[in-house]
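Engineer: Quick one, what's the 3D model for this:
(4 chains)
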Protein chains: 2
Amino acid sequence: MTKYHHQVKMLVAVDCIIFGFDGKNMKILLVQRALQPEIGNWSLMGGFVQAAENTEQAAVRVLQKLTGITNIYLEELAVFSNPERDPVERTLSVAYFSLIDINKYEKQITNDFHAEWFPLQKYPRLIFDHTEMVKKAKGKLRYKAAFHPLLFELLPEKFTLPQLQSLYEEIFDVEMDKRNFSRKILSMDFLIKLTEKEKENSKKGAYYYKLDKKKYKANFHSVLKIIPNPDTLYA
Amino acid sequence: MTKYHHQVKMLVAVDCIIFGFDGKNMKILLVQRALQPEIGNWSLMGGFVQAAENTEQAAVRVLQKLTGITNIYLEELAVFSNPERDPVERTLSVAYFSLIDINKYEKQITNDFHAEWFPLQKYPRLIFDHTEMVKKAKGKLRYKAAFHPLLFELLPEKFTLPQLQSLYEEIFDVEMDKRNFSRKILSMDFLIKLTEKEKENSKKGAYYYKLDKKKYKANFHSVLKIIPNPDTLYA
DNA sequence: TTTTTTAATTGTCAATTTTACACTTAACTT
DNA sequence: AAGTTAAGTGTAAAATTGACAATTAAAAAA
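Structural biologist: A predicted model of the protein is given here:
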């Protein structure tokens, strides 16, 4: 069959913005680039798309290789395709944003990549257009989290309402009333209260909750106004 | 500088899902493919990304060539990258969805492309994975239009509230109360009531409105619950 | 053992938003 | 002049949201 002639061919890469939450601050996982140019500089974790895979499969592969985690929450963010974005060769990159439970991250696996968690508030200069990717991912995370319960992906299996609230407060940079917060969250009706308590952070201890996975998945797309005035969010 | 070796290079295309509204029904603009394979079959309008442009610029160019319109509402939808999606050569496609005022569309320009508007409810088999693209675009349109005032992009400069309401009812397949609808829409505070009336559809005539462009752009990202129960929406 | 300290838990009322619902009006047609 | 058609408009009940503070559990200190 005739090929398409005289058209530009490009390398296609994926880059992953990996968010984590350490209980206090939002983090992103960065790696030190292993190849020229910009070798040794901080970068998003990425890789080239191979012959037998699509971009999402490539992102899953790359994430698994870096973090040791399968079943990562993963969402396509955007395509970055400026002709000059990679000085070596024309390379289109599909950026994915992913949320992981920072505790599941296995450091030993990643030593190969010189990976490190940085505060989302303060991270180093990144190669190419990766800073732009991070900014866009941050915007999308805020937007989506304002309506959909995806932040659970950042927490361990068992978590407390105060922990969850801290996460929302960190991401949206607001203080929330805990009575209203718990009412709103519990009205979603997919949290299961456990009998066990978390005792690290208070004398009284806070009850652990876990997700009712079935209900969580079933209602994931339902729209809940978790954050009061989301006017200033990215769309 | 050393090149990246042994990596797959691909063609990169853009495909545009072009939505229009004829006052009654949602339409998509399709073209008859001009090259092999699948020559003559219905397809989204698309084209290959050129050396000096990024994917968005390619989409703008393609849309301009087909419709004669510049300044089209355009949004990245998703990447389609299955290895076998184009049988000729590995081709990644970035799908964009675009909203146009169907009246601005200049048919003569497009005769070259054998373009035709089809009802979104009933359109022909499309090449490759284009049907999947349309479905995804439809989902995203519904999702976004439930919160943001983007449907104005489908209407002419002057439009009436009943026309606008018909559009919402068509897209969400619901009937809405006109009192509640106009209250909600006018509370957005970026419609300007004109003195002129539209008299085609009723004896009394309906007042035309136009957008206050400044306020419209300023508040575009603000979140307004236009549709009651958007639970069943795609996210 | 008692008191103190700390953070978790829980409820109510006011304000706002949303929903349900029906009559009047303008202008053309008969 | 009467009839027809769709546009335009208001109000009350219900649901949701936002503001606000006292009580409780459990460890630590006295």
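Engineer: Start and end of stretch A:211-225, how far apart?
Structural biologist: 19 Å (C-alpha to C-alpha, to the nearest Å).
Engineer: Just the C-alpha atoms of the helix or strand where A:Ala137 lies, please, in PDB.
Structural biologist: Assigned by DSSP states H and E, A:Ala137 belongs to helix A:130-145. C-alpha atoms of helix A:130-145 as PDB (Å, rounded to 0.1, in the frame of the first residue of the first chain):
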ATOM      1  CA  HIS A 130       8.600  20.500  31.500                       C
ATOM      2  CA  THR A 131       7.900  23.400  33.800                       C
ATOM      3  CA  GLU A 132       5.000  24.300  31.600                       C
ATOM      4  CA  MET A 133       3.800  20.800  31.900                       C
ATOM      5  CA  VAL A 134       3.900  20.900  35.700                       C
ATOM      6  CA  LYS A 135       2.000  24.100  35.800                       C
ATOM      7  CA  LYS A 136      -0.700  22.800  33.500                       C
ATOM      8  CA  ALA A 137      -0.900  19.600  35.500                       C
ATOM      9  CA  LYS A 138      -1.300  21.600  38.700                       C
ATOM     10  CA  GLY A 139      -4.100  23.600  37.100                       C
ATOM     11  CA  LYS A 140      -5.900  20.500  36.000                       C
ATOM     12  CA  LEU A 141      -5.500  18.800  39.300                       C
ATOM     13  CA  ARG A 142      -7.100  21.700  41.100                       C
ATOM     14  CA  TYR A 143      -9.900  21.900  38.600                       C
ATOM     15  CA  LYS A 144     -10.700  18.200  38.600                       C
ATOM     16  CA  ALA A 145     -10.300  17.800  42.400                       C
END
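Engineer: That one packs against which elements?
Structural biologist: For helix A:130-145, the helices and strands in contact under the criterion 3 or more C-beta pairs under 8 Å, 6 or more residues apart in numbering or on different chains; DSSP states H and E are strand A:9-21, strand A:73-80, strand A:91-99, helix A:161-172. (Each C-beta comes from the backbone N, C-alpha and C, glycine too.)
Engineer: Let me have those in a markdown table, adding mean pLDDT, mean neighbour count and distance to chain B as columns.
Structural biologist: Formatted as a markdown table, these follow (pLDDT from 0 to 100; neighbours: other C-beta atoms under 10 Å in any protein chain shown; distance: least, C-beta to the nearest C-beta, whole Å):
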| stretch | mean pLDDT | mean neighbour count | distance to chain B |
| --- | --- | --- | --- |
| strand A:9-21 | 97 | 24 | 4 |
| strand A:73-80 | 98 | 19 | 5 |
| strand A:91-99 | 98 | 25 | 5 |
| helix A:161-172 | 96 | 18 | 13 |
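Engineer: and DNA strand D, which of those is closest to it?
Structural biologist: Closest of the helices and strands packed on helix A:130-145 to DNA strand D is helix A:161-172, at 12.2 Å (criterion: C-beta to the nearest atom of the strand).
Engineer: And the next helix or strand past the lowest-mean-pLDDT helix or strand in chain A?
Structural biologist: One helix or strand of chain A scores below all others by mean pLDDT, DSSP states H and E: helix A:107-110, with a mean of 67. Note on helix A:107-110: by DSSP H and E, the next helix or strand toward the C-terminus is strand A:115-119.
Engineer: what lines up beside that next one in the sheet?
Structural biologist: Strand A:115-119 pairs in its sheet with strand A:26-32 (antiparallel), by DSSP bridges.
Engineer: Of all the helices and strands packed on helix A:130-145, which one is nearest B:Leu30?
Structural biologist: Closest to B:Leu30 of those, according to C-beta to C-beta: strand A:73-80, at 23.2 Å.
Engineer: which secondary structure elements does the closest one contact?
Structural biologist: By 3+ C-beta pairs under 8 Å, 6+ apart, strand A:73-80 packs against strand A:9-21, helix A:55-67, strand A:91-99, helix A:130-145, strand B:73-80.
Engineer: For these, give me CSV that also has distance to B:Glu169.
Structural biologist: Formatted as CSV, those follow (distance: least, C-beta to C-beta, whole Å):
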stretch, distance to B:Glu169
strand A:9-21, 38
helix A:55-67, 35
strand A:91-99, 34
helix A:130-145, 27
strand B:73-80, 21
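Engineer: Put together TSV for those, with distance to DNA strand C on each row.
Structural biologist: Below are the helices and strands packed on strand A:73-80 laid out as TSV (distance: least, C-beta to the nearest atom of the strand, whole Å):
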stretch	distance to DNA strand C
strand A:9-21	16
helix A:55-67	29
strand A:91-99	23
helix A:130-145	18
strand B:73-80	25
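Engineer: which SS state does A:Arg179 fall under?
Structural biologist: Following DSSP: H, G, I helix; E, B strand; the rest coil, A:Arg179 is assigned to helix.
Engineer: among the helices and strands packed on helix A:130-145, which is nearest B:Leu194?
Structural biologist: Nearest of the helices and strands packed on helix A:130-145 (C-beta to C-beta): strand A:73-80, 38.1 Å.
Engineer: Name every strand pairing with that closest one and say which way it goes.
Structural biologist: strand A:91-99 (antiparallel).
Engineer: now the helix holding A:Ala137 against strand A:26-32, angle please.
Structural biologist: Helix A:130-145 and strand A:26-32 are oriented at 150 degrees to each other (axes from the mean of the first three to the mean of the last three C-alpha atoms, to 10 degrees).
Engineer: which other residues reach helix A:130-145?
Structural biologist: Helix A:130-145 is contacted from outside by A:15, A:17, A:19, A:28, A:43-44, A:75, A:77-78, A:80, A:93, A:95, A:97, A:99, A:120, A:123, A:125-126, A:150-151, A:168, A:171-172, A:226-227, A:230, A:233-235, B:235, using C-beta atoms under 8 Å, 6 or more residues apart in numbering or on different chains.
Engineer: quick one: buried residues of that helix?
Structural biologist: Neighbour-count burial for helix A:130-145 flags A:His130, A:Met133, A:Val134, A:Lys136, A:Ala137, A:Lys138, A:Lys140, A:Leu141, A:Arg142, A:Tyr143, A:Lys144, A:Ala145 (criterion: 16 or more other C-beta atoms under 10 Å in any protein chain shown).
Engineer: So what's the model's average confidence on it?
Structural biologist: For helix A:130-145, the mean per-residue pLDDT is 95.
Engineer: Quick one: work out the angle between it and strand A:9-21.
Structural biologist: Helix A:130-145 and strand A:9-21 meet at an angle of 60 degrees, taking the same axes, to 10 degrees as the criterion.
Engineer: Pull the distance from helix A:130-145 to the chain's centre.
Structural biologist: On the basis of C-alpha atoms, centre = their mean, to the nearest Å, helix A:130-145 is displaced by 9 Å from the centre of the chain it belongs to.
Engineer: before we move on, what about stretch A:37-48?
Structural biologist: The answer for stretch A:37-48 is 18 Å, by C-alpha atoms, centre = their mean.
Engineer: Briefly note if it comes near chain B.
Structural biologist: Yes: judged by C-beta under 8 Å from any C-beta of the partner chain, stretch A:37-48 and chain B are in contact via A:Pro37, A:Phe48.
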